[in-house]
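**Q** For reference, the sequence and a predicted model appear below.
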Amino acid sequence: MSNNVWVEIGSILGPHGINGQVKIKSFTEVPEGMFLYKNLFIGNEQKPIKIKLVRKIKHNLICTVENIKTRNEAETIRNLILYVKRDEFPLLNDNEFYQRDLLNFEVFNLKRESFGFIISFNDFGGGQLVEVENLNKRFYLPIGETFLKNINYQDREVILDIDIAFIKN
């Protein structure tokens with residue numbers, strides 16, 4: 001599926017129990033947020049599918065999926081990705097961004113010194129971090145509002161208020 005039209009919002013981890021329920025890992029900020037979208041798509045299907053939340057277990061969701069009634073049927077959709085259409089995403093305020101939009105953006109500091117390119121976002125409990133790659137080295141930089149100064153979508157750049165010495169040994 002094309003990255004411009006479709007956005008991954010979850011993954012079916014596998015069956016849960018014997019009645020066709022599945023365990024889903026949600027990629028949304030709040031796991032239940034995936035149910036805010038009008039149409040969910042599974043795998044390469046072009047027709048939306050109905051998924052209902054049964055309960056939450058830790059960070060995963062136990063759900064029923066339309067037309068899946070047995071464990072064997074649930075097994076057939078193991079590891080499939082859940083998608084929504086990009087145009088269903090809500091509009092953002094000026095100080096907000098979708099993480100996926102910043103992948104492969106180059107990261108600079110205020111002096112225009114390059115840190116490298118964003119390859120992922122993570123939050124290990126201490127705040128939002130970007131994983132940056134530069135010359136086959138990977139490291140994390142904070143991207144919270146204290147550090148984030150500008151996002152230039154046209155030039156695909158992120159400006160952070162961090163000294164380059166932050167990554168130097």
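**A** Done, it's in.

**Q** ok, Glu131 - how many residues close by?
**A** For Glu131, the count of nearby residues is 15 (other CB atoms under 10 Å). Every C-beta, even on glycine, is put in place using the N, C-alpha and C of the backbone.

**Q** no no, His59
**A** Using other CB under 10 Å, the number of residues around His59 comes to 8.

**Q** wait, doesn't Ile49 sit right on Tyr37?
**A** No - distance between Ile49 and Tyr37: 11.8 Å, which falls outside the contact criterion (CB atoms under 8 Å).

**Q** Looking at the two, which has the bigger crowd around it?
**A** For Ile49 versus Tyr37, the count of surrounding residues by other CB under 10 Å is larger for Tyr37: 19 against 16.

**Q** Tell me the pLDDT of that one.
**A** Taken from the predicted model, the pLDDT recorded for Tyr37 is 89.

**Q** ok, it to Asp101 distance?
**A** As judged by CB to CB, to the nearest Å, Tyr37 and Asp101 stand 17 Å apart.

**Q** Then Phe27?
**A** 14 Å.

**Q** Between these two, which is the more surrounded one?
**A** In terms of neighbours (other CB under 10 Å), Phe27 is the more surrounded of Phe27 and Asp101; the figures are 17 against 13.

**Q** Give the full set of residues in contact with that one.
**A** Counting by CB atoms under 8 Å, 6 or more residues apart in numbering, Phe27 makes contact with Glu8, Ile9, Gly10, Ser11, Met34.

**Q** Take those residues and, keeping just the buried ones, write it as a PyMOL select command.
**A** Only the buried entries of the contacts of Phe27 go into this PyMOL selection, using 16 or more other CB atoms under 10 Å:
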select buried, resi 9+10+11+34
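
**Q** now, among the contacts of Phe27, which is nearest to Lys137?
**A** Distance ranking of the contacts of Phe27 against Lys137, using CB to CB, places Glu8 first at 27.0 Å.

**Q** start to end distance for stretch 126-145?
**A** Here the two ends of stretch 126-145 are set 13 Å apart, with distance taken as CA to CA, to the nearest Å.

**Q** Please report the distance of the closest residue to Leu135 other than its chain neighbours from Gly43.
**A** With CB to CB, 6 or more residues apart in numbering as the criterion, Leu135 has its nearest non-adjacent residue at 7.5 Å, and that residue is Gly116. For Gly116, the distance to Gly43 (CB to CB) stands at 34 Å.
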